[in-house]
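Chemist: the following comprises the amino acid sequence and a computationally predicted model.
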Amino acid sequence: MAAMIDKRTSSMPPGEFVAFVAALMAVNALGVDLMLPALADIGHQLAVTTANHRQWIITVYMLGFGAGQLVYGPLADRFGRRPILLVTIAGFVAASIFAAGSQTFPALLGARALQGLMSASTRVLAVTIVRDRYSGRQMARTLSVAQMIFFLVPIMAPSLGQVLLAFGPWRFIFYALAAFAAVVLAWSTVRLRESLPVERRSPLSRASLGRAYRLTLTNRFSAGYAVAASMTFGGIIAFVSSAQQIFVDEFHAGERFTILFAVCAFSMGCASFANSRLVERLGTRLISQSALLALIMLSLLHLVVIGVGRESLETYMLFQALSMTCIGLCGSNFGAMAMEPVGHIAGTASSIQGFITSVGAVIVGSIIGQAYDGTTYPLAFGYLAIGVAVLCVVYFTEGRRLFQARHASGTQNSGHE
């Protein structure tokens, strides 16, 4: 069932609303992906001597992104969604300008951490604003449509970054980030109305925060699916962190990097599109659990191909694109199932779940990414470990059952989740 809020809380029709949510998500996606073609140039100019250390440009951003999410949800539940969003997007613009002017690698990492800290609000508030309007499968469908648009960003971002590098140094990329965020800020200022009525706002007190944290962390669906989402998201972080090294250093395909990266990102966009069309009919559980089993099977087969010495750019692209499809079929469904039982504290719950998802993803992704040894073996093995671990988490979250639809309360019913 869709739960609509009072129409006075939003001036956006459904189509614009989805596009706006996608734009919020794109602030973070561009923050991660736009500079991928520039990592080597940044490392050279700022004297980064170890190739794997360039991954910290991505990692510290994600750490800031994870930490910031603990703050914005409670603030949004107390003061409303709109003021928090406006302040933090303005902060992202400032951090991007600071990054463009960085003269040392530590200074750039500090600016990247600040960018992540500011962009954390876009994740929390995108999910929260959607939850203010919808619930259940309708929420999953809306997030899937937004993510389908959002996944176009990774397809285009490296190519756009390459274009920017053709006209100037890597610093242009950060000025472009500032410009895009400024557009989103203007859109928010003009078109976004507050989606949290005053009577539904929560006091910012230790007692109220304690209750919200306790409910979010002790509800097995809320906590379980947040952990599951963190591990699958870790697979994306691992790929993004090591993609430039894999395509350029291992397969010597630097001139095709942006195209190859786009193909993998496009597979996730296709998965989100398929999910948006199927989730209301098949349910979040059937789709996501089937995708997990497929990820495990694909990873096992990929390891066999690597083990017999038949890995090539073509086989890697095939397995990577299919694996990203499976991950894409898990993401929005896990997020919707995690939020379903805690909709009445959506802001704080989204913060806690976002922190778990982002920090957990950074840990998982960094372990796999830093294990890069000049081959695709660490990534393939990492995906197998992710698939098995997430399946175990889902199995226990669902009370040792799989492929059984449920009400948000946990009772079985084939017509619900």
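Modeler: That came through, no problem.

Chemist: tell me where the model's unsure across the chain.
Modeler: 1-11, 135-137, 140, 144-152, 154, 405-417 (pLDDT under 70).

Chemist: tell me, what residue is most central in it?
Modeler: With distances taken as C-alpha atoms, centre = their mean, residue 233 lies nearest the centre of the chain, 6.5 Å away.

Chemist: my guess is that one contacts residue 331, does it?
Modeler: Yes. Assessed by C-beta atoms under 8 Å, residue 233 is found in contact with residue 331 at 7.0 Å. Using the backbone N, CA and C atoms, a C-beta is placed for each residue, glycine as well.

Chemist: how close does residue 260 sit to residue 290?
Modeler: Going from residue 260 to residue 290 by C-beta to C-beta, to the nearest Å gives 27 Å.

Chemist: looking at the two, which is more packed in?
Modeler: residue 260 (21 against 16; other C-beta atoms under 10 Å).

Chemist: can I assume the more buried one sits in a helix?
Modeler: Yes. The assignment for residue 260 is a helix, going by DSSP: H, G, I helix; E, B strand; the rest coil.

Chemist: check contacts around the nearest residue to it once chain neighbours are set aside.
Modeler: In space, and not counting its chain neighbours, residue 260 is closest to residue 247: 5.5 Å by C-beta to C-beta, 6 or more residues apart in numbering. Neighbouring residues of residue 247 by C-beta atoms under 8 Å, 6 or more residues apart in numbering: 253-254, 256-257, 260-261.

Chemist: most neighbours, which of those residues?
Modeler: Counting by other C-beta under 10 Å, top hit in the contacts of residue 247: residue 261 with 25 neighbours.

Chemist: now the closest residue to that residue other than its chain neighbours: which helix or strand?
Modeler: Nearest residue to residue 261, sequence neighbours excluded (C-beta to C-beta, 6+ apart): residue 158, at 5.0 Å. According to DSSP states H and E, residue 158 maps onto helix 152-167.

Chemist: how far is that helix from where the chain is centred?
Modeler: 19 Å (C-alpha atoms, centre = their mean, to the nearest Å).

Chemist: equivalent analysis for stretch 173-185, please.
Modeler: With C-alpha atoms, centre = their mean, you get 19 Å for stretch 173-185.

Chemist: over to stretch 313-321?
Modeler: With C-alpha atoms, centre = their mean, you get 22 Å for stretch 313-321.

Chemist: contact partners of that stretch?
Modeler: So stretch 313-321 is contacted by 239, 246, 251, 253, 260, 263-264, 266-267, 298-299, 301-302, 305, 376, 379-380 (C-beta under 8 Å, 6+ apart).

Chemist: how near is the most far-flung residue of the chain relative to its centre to residue 302?
Modeler: For the chain, the residue at maximal distance from the C-alpha centroid (C-alpha atoms, centre = their mean) is residue 308, at 33.9 Å. Remark: distance between residue 308 and residue 302 (C-beta to C-beta) = 11 Å.

Chemist: can you check residue 32 too?
Modeler: For residue 32, the distance to residue 302 - C-beta to C-beta - is 24 Å.

Chemist: and the longest helix along the chain, which residues are buried?
Modeler: When the chain is parsed with DSSP state H, its longest helix is helix 105-133. For helix 105-133, the neighbour count (16 or more other C-beta atoms under 10 Å) marks 105, 108-133 as buried.

Chemist: next structured bit after the one helix or strand residue 39 maps to?
Modeler: Using DSSP H and E, residue 39 maps to helix 39-45. Next along the chain after helix 39-45, taking DSSP H and E as the criterion, comes helix 56-79.
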